[in-house]
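Trainee: Predicted model follows, preceded by the sequence.
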Amino acid sequence: MRCSHCGVCCQETEMLLSEEDIRRLEKLGYNRENFVQLNEEGFAQLKNREKYCVFYDIEGKRCKVYRSRPLGCRIYPVVFCEEEDAAVVDDLCPVGDTVSERKLGSKGKMLVRLLRVIDAEAERRRPRGLV
């Protein structure tokens, strides 16, 4: 699949971040306070600015950190669908129909592993007593 650089996936993102993602971006010189927000459940998410991910160059229609982008961004347009309890191709992606079954399977496995890591990290951030 080739990205069309439409920016749909970067618009109003709720992309979850692992600690490894955060450290990789910090090594580039970015301060986590400028790109990470913690939601009420303890999950680290990319921040948005002007309705887009803080790393999305609106004019250039490119990711400023593409080579070091979060793993979830690398896996996209494969996302986890809770209703189906499976990895699926995000129907918002205009080139999602070019994702092969083989690629869906391999990215789906990566996604499940990533979500396990992110869940464990969020659990450690949650104050005791919160569900």
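Mentor: Thanks, I have it. Quick caveat: nothing in here was measured; it's all calculated off a predicted structure. Numbering: from 1, shown residues only.
Trainee: The helix or strand containing Glu121 packs against which elements?
Mentor: For Glu121, the element it lies in under DSSP states H and E is helix 101-125. Secondary-structure packing of helix 101-125 (3 or more CB pairs under 8 Å, 6 or more residues apart in numbering; DSSP states H and E): strand 44-46, helix 71-75, strand 78-81, strand 86-89. Heads up, the C-betas are built off the backbone N, CA and C, glycines and all.
Trainee: That helix: how far from the chain's middle?
Mentor: In terms of CA atoms, centre = their mean, to the nearest Å, the centre of helix 101-125 is set 11 Å apart from its chain centre.
Trainee: possible to save the helices and strands packed on helix 101-125 as CSV with mean pLDDT and distance to Leu115?
Mentor: Below are those laid out as CSV (pLDDT from 0 to 100; distance: least, CB to CB, whole Å):
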stretch, mean pLDDT, distance to Leu115
strand 44-46, 98, 13
helix 71-75, 97, 9
strand 78-81, 96, 6
strand 86-89, 96, 10
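Trainee: Relative to Lys103, which of those is closest?
Mentor: strand 78-81 (7.8 Å; CB to CB).
Trainee: What strands flank that closest one, and is each parallel or antiparallel?
Mentor: Using DSSP bridges, the strands paired with strand 78-81 are strand 86-89 (antiparallel).
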